[in-house]
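Participant: quick one: sequence and predicted model below, then my questions.
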Amino acid sequence: MTDCNCENPLVPMTVEVIDIVDETPDVKTFYVRSENGVPFNVMPGQLAMVSHIPVGEGMFSVSWQEEDEHLQFAIKRVGLLTDYLHTIDIGQTLGVRGPYGNGFPVEECKGKDMLFIGGGIGLAPLRSFIKYCFKHREDYGRITIICGSRSYDDLCFKDELFEKWPAMKDTEVYVTIDNEEENWSGHVGFVPSYLQELNPDPQGLVAVTCGPPIMIKFVLEALEKMGFSDEQVITTLEARMKCGIGKCGRCNIGSEYICLDGPVFDLAQLKKLPPEW
Ligand code: FES
């Protein structure tokens, strides 16, 4: 590894894990920084490769860049590399390379009301856009966040969902879990049904959704029924990625490379792709 990613885009930079937050039983947020702060600047919705030799390398959404200080990655335990990452401690060094992908259209959304719809770990990429809107609060209108998970324990970023975000100006946060729980007095049901119950008026609104593919499918259907145009709906696609720079051909859908042209697409763009997504 190196401390410079200026020459070979496939060579990771060395970062140190400076904090680890347990979000859920199988999601942790890792705060990483290089010697000089952030290893590179990242826009909301962009991706980066995180690696540890010899365990492996994986592409993750950056869930936040804190000024020039550090990057945050919320990572769910789902396989070899992520199992390993869940065992490490503060002080561990890792490799990161990036940023990759197009990110959310933060400029085009200025002046709009924002509707964020997230499920499970899908809230991680949305969080980068949500926090960006709060950081540039005057540039965006009302912010509505609808988010859900299987259970209360599985909800990520609880302090933000239940305390920080609802306290922000012109912001509403709606949280649901899939099934009844003894100590839960909030909404119960799947995210797409909750969205339909809340029935937001599409006028002046941009909807941004991320979550499990089945949730996205029903959310997109619900938004269409409510009258959202294809251009008003933005989502992110997942794909297995290896190089991150459009060379390995691992992540393409039709002519689009998720690592270059995505992972963020509006519904008008998605409808032009083969139906593999
Ligand atoms: S990850 Fe290699 S082409 Fe996209």
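Facilitator: Happy to help now that I have it.

Participant: may I see the buried residues of stretch 66-85?
Facilitator: 70-77, 81-82, 85 (16 or more other C-beta atoms under 10 Å). Heads up, the C-betas are built off the backbone N, CA and C, glycines and all.

Participant: what sits against the closest residue to E172 other than its chain neighbours?
Facilitator: Spatial nearest neighbour of E172, excluding adjacent residues (C-beta to C-beta, 6 or more residues apart in numbering): T144 at 5.0 Å. Contacts for T144 (C-beta atoms under 8 Å, 6 or more residues apart in numbering) come out as 113-116, 171-174, 198, 200.

Participant: out of those residues, who's nearest P9?
Facilitator: F116 (30.7 Å; C-beta to C-beta).

Participant: OK, contacts around the closest one?
Facilitator: Counting by C-beta under 8 Å, 6+ apart, the residues that F116 touches are 126, 129-130, 143-147, 207-209.

Participant: take these and keep only those in strands.
Facilitator: 143-147, 207-209 (DSSP state E).

Participant: tally of neighbours for the residue of the stretch 51-200 of the chain at minimum distance from the ligand?
Facilitator: Proximity of the stretch 51-200 of the chain to the ligand (C-beta to the nearest ligand atom) peaks at M59, 7.3 Å away. When neighbours are counted by other C-beta atoms under 10 Å, M59 registers 24.

Participant: what is the burial count for the nearest residue to it once chain neighbours are set aside?
Facilitator: The shortest distance from M59 to any non-neighbouring residue, by C-beta to C-beta, 6+ apart, is to M241 (4.2 Å). By other C-beta under 10 Å, 22 other residues sit near M241.

Participant: quick one, domains of this protein?
Facilitator: Domains of the chain are assigned by automatic domain parsing as 13-100, 113-236.

Participant: and those as CSV, adding mean pLDDT?
Facilitator: Below are the domains of the chain laid out as CSV (pLDDT from 0 to 100):
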stretch, mean pLDDT
domain 13-100, 96
domain 113-236, 97
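
Participant: to C248, which of those lies closest?
Facilitator: Closest approach to C248 among the domains of the chain (C-beta to C-beta): domain 13-100, 11.6 Å.
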